[in-house]
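Q: requesting a structural model of the entry that follows:
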Amino acid sequence: MTIVKVKVWEIPDSGLKDNLITARKELLGHSRRVGLIEWHPTARDVLLSSAYDYQVCVWRLDGAGVVVKTPVCVIRVHTDLVLSVGFSEDGSRLATTCKDKRVRIIDPRTGHLLQESCGQSHKASKVLFLTDLNLLLTTGNSRWNQRQFALWDPEDLTEPLLGEDVDGGSGVLFPFYDPDTHMLYLAGKGDGNIRYYEVSAEKPYIHFLAEYRSVLPQRGMGVMPKRGLDTKQCEIFRFYRLVCVKDLVEPLSFIVPRKSDGFQEDIYPMTAGHEAAMEAREWLTGQNKGPVLMSLRPSTKVQNPYPAPGDSGLERSASSAYLSGPNKLFLQEVNQNSEHDLTDLSGWQEDETQWVSTRSTPTRGVRWCESAAFTPPAAEKELLQVFYSQQEEIRSLREQLEHRDSRIQQLELEMKNIRNQLRASF
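A: Model prediction:
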């Protein structure tokens with residue numbers, strides 16, 4: 001039997017200066033060619049692979065040695081070639097599409113089948129979770145060979161919640177979803193256009209916005225992570241189109257037109273960063289954690305809400321706001337010109353006087369919004385809810401200020417007209 005290898009390479013932090021010769025890991029477990037690989041979204045060193053042997057393997061890469069012969073889980077519920085795989089946001093569930101026209105939701109730790117569609121009306125090719133809306137999206141073809149997309153309830157795959165035809169093209173539709181703006185992008189292989197929609201959790205679920213058109217067809221698509229976008233230009237999404245006619249990679253940016261040069265909080269909420277939320281052993285023992293969020297505001301950094309045991313906030317930064325609870329969260333704004341030295345706190349003891357003084361005199365670089373009756377939330381999700389509610393309140397106050405300014409201008413204009421009328425009457 002032929003043994004197929006999956007090789008994992010590690011790119012140095014300084015970038016590639018020489019050819020890579022030795023792989024970091026070699027995974028031996030498939031008997032036929034590997035067609036798909038997918039990294040776990042929140043756990044470090046967890047990789048998924050799928051091959052033409054109809055098997056899906058889950059690998060742990062943090063062990064000793066270069067060669068790994070035994071995956072932590074082998075999923076054998078598919079009867080044909082797996083076409084697409086997609087993790088949920090916290091990596092607790094795995095969605096797959098198969099050549100047998102069925103959509104499946106699987107527990108990636110045990111390989112148990114949780115949900116399965118009948119596969120009669122919709123032949124799915126690509127799949128992804130819309131976790132923030134509790135929906136599942138697939139793209140594929142209808143019975144009449146029309147390209148279409150479908151929305152599903154992840155808890156019940158009996159029938160899709162929505163099925164909508166796109167066109168009669170022959171290329172595969174690749175879906176890309178932005179959870180920060182709830183926008184869905186559909187790009188077909190061999191097409192020159194990209195359609196984009198707004199997705200909601202309520203009917204009719206999908207709202208068509210517009211379409212980008214180009215005379216040059218695309219062979220493949222890549223996406224820039226949100227942390228690499230240009231926030232000054234209000235860039236919300238960036239594609240890299242592999243254009244086969246000119247043999248080049250073409251960047252394509254989607255920009256929201258705004259007059260203000262300031263940071264736009266409504267289109268740049270807290271987004272998933274590049275840090276892992278947990279280790280592989282934690283995920284394998286049953287823990288589920290969402291992604292570590294970060295702010296796209298310049299000179300602002302949100303550190304890992306799941307720090308390793310023994311990590312100290314004082315060792316990380318001298319200008320960080322520490323909120324205690326079951327999960328520790330470090331919020332830090334970088335301030336190079338801080339006038340306060342907080343590194344030496346050996347003689348500090350918390351008492352009522354010092355606590356009130358800290359609240360009444362905010363440290364530079366950290367904006368406090370606390371009252372005497374304020375109790376820090378217990379979990380990171382509650383912290384994020386507080387953050388979002390504060391953002392919403394700030395947005396509302398700004399709208400009130402803009403309305404007030406326009407009302408002032410209107411009243412001034414009316415007073416000027418009345419003054420002119422009085423002068424004309426005399």
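Q: tell me how many other residues surround Arg281.
A: One way to gauge burial is a neighbour count; for Arg281, by other Cβ atoms under 10 Å, it gives 13. Yep, even glycine has a C-beta here, placed from its N, CA and C like the rest.
Q: to clarify, my last question referred to Gln218.
A: By other Cβ under 10 Å, neighbour count at Gln218 equals 25.
Q: same deal with Ala201?
A: Using other Cβ under 10 Å, Ala201 is surrounded by 11 other residues.
Q: isn't it right next to Asn134, touching?
A: Yes - using Cβ atoms under 8 Å, Ala201 makes contact with Asn134 at a distance of 6.8 Å.
Q: any idea how far Asp100 is from Leu83?
A: When Cβ to Cβ, to the nearest Å is applied, the distance between Asp100 and Leu83 equals 10 Å.
Q: more neighbours: those two, which one.
A: Per other Cβ under 10 Å, whichever of Asp100 and Leu83 has more neighbours is Leu83, with 22 against 15.
Q: list the contacts for the more buried one?
A: With contacts taken as Cβ atoms under 8 Å, 6 or more residues apart in numbering, Leu83 has the following neighbours: 96-99, 124-126.
Q: in JSON lines: those, plus secondary structure and pLDDT.
A: Formatted as JSON lines, the contacts of Leu83 follow (DSSP: H, G, I helix; E, B strand; the rest coil; pLDDT from 0 to 100):
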{"residue": "Thr96", "secondary structure": "strand", "pLDDT": "96"}
{"residue": "Thr97", "secondary structure": "strand", "pLDDT": "95"}
{"residue": "Cys98", "secondary structure": "strand", "pLDDT": "94"}
{"residue": "Lys99", "secondary structure": "coil", "pLDDT": "92"}
{"residue": "Ala124", "secondary structure": "strand", "pLDDT": "91"}
{"residue": "Ser125", "secondary structure": "strand", "pLDDT": "93"}
{"residue": "Lys126", "secondary structure": "strand", "pLDDT": "95"}
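Q: and these, which are buried?
A: Buried positions within the contacts of Leu83, assessed by neighbour count (16 or more other Cβ atoms under 10 Å), are 96-98, 124-126.
Q: start to end distance for stretch 6-17?
A: 23 Å (Cα to Cα, to the nearest Å).
Q: now that stretch: how far from the chain's centre is it?
A: The offset between the C-alpha centroid of stretch 6-17 and the centroid of the whole chain comes to 24 Å, using Cα atoms, centre = their mean, to the nearest Å.
Q: could you give the average pLDDT over that stretch?
A: Per-region confidence: stretch 6-17 scores 89 on mean pLDDT.
Q: coming back round to it: redo the contacts of Leu83 as CSV? Include distance to Gln115.
A: Written out in CSV, the entries for these read as follows (distance: Cβ to Cβ, whole Å):
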residue, distance to Gln115
Thr96, 11
Thr97, 13
Cys98, 13
Lys99, 18
Ala124, 13
Ser125, 18
Lys126, 17
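Q: closest one to Lys226 out of the residues you listed, please.
A: The nearest member of the contacts of Leu83 to Lys226, counting by Cβ to Cβ, is Lys126 at 20.9 Å.
Q: for the closest one, give its distance to Arg297.
A: Taking Cβ to Cβ as the measure, Lys126 falls 33 Å from Arg297.
Q: for Gln390, same thing?
A: The spacing between Gln390 and Arg297, counted by Cβ to Cβ, is 14 Å.
Q: more neighbours: those two, which one.
A: Between Gln390 and Arg297, counting by other Cβ under 10 Å, Arg297 is the more crowded of the two (15 against 12).
Q: next, count neighbours for the nearest residue to the more buried one once chain neighbours are set aside.
A: Leaving aside its sequence neighbours, Arg297 sits nearest to Phe263 (Cβ to Cβ, 6 or more residues apart in numbering; 5.2 Å). As a burial measure, the neighbour count of Phe263 was computed by other Cβ under 10 Å and equals 15.
Q: and Phe263, what does it touch?
A: Phe263 sits next to 231, 296-298 when contact means Cβ under 8 Å, 6+ apart.
Q: now a ChimeraX select for only the buried ones of those.
A: Once 16+ other Cβ under 10 Å is used to decide burial, the buried members of the contacts of Phe263 can be selected in ChimeraX as follows:
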select :231,296
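Q: quick one: the contacts of Phe263 as CSV, columns for distance to Met270 and secondary structure too.
A: What follows is the contacts of Phe263, written out as CSV (distance: Cβ to Cβ, whole Å; DSSP: H, G, I helix; E, B strand; the rest coil):
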residue, distance to Met270, secondary structure
Thr231, 13, helix
Leu296, 8, coil
Arg297, 10, coil
Pro298, 15, coil
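Q: now do the helix ranked longest in the chain: distance to the chain's middle.
A: Here the longest helix in the chain is taken by residue count, with DSSP state H as the criterion, and it is helix 380-425. Its chain's C-alpha centre and that of helix 380-425 lie 34 Å apart, by Cα atoms, centre = their mean.
Q: nearest to Lys7, of the contacts of Leu83?
A: Sorting the contacts of Leu83 by how near they are to Lys7, with Cβ to Cβ, puts Thr96 at the top with 23.2 Å.
Q: the closest one touches Val127, doesn't it?
A: Yes - the criterion here is Cβ under 8 Å, and Thr96 meets it with Val127 at 6.8 Å.
Q: shared neighbours, the two?
A: In terms of Cβ under 8 Å, 6+ apart, Thr96 and Val127 are both contacted by the residues 84-86, 103.
Q: where in the chain is pLDDT low?
A: For the chain, the stretches flagged by pLDDT under 70 are 1-2, 300-381, 426.
Q: where along it do the helices fall?
A: Counting by DSSP H, the segments of the chain that form helices are 280-284, 313-316, 352-360, 380-425.
Q: of the ones you listed, flag the one that's most buried.
A: Among these, judged by mean count of other Cβ atoms under 10 Å, the one packed with the most neighbours on average is helix 280-284 (a mean of 19).
Q: perfect, that will be all.
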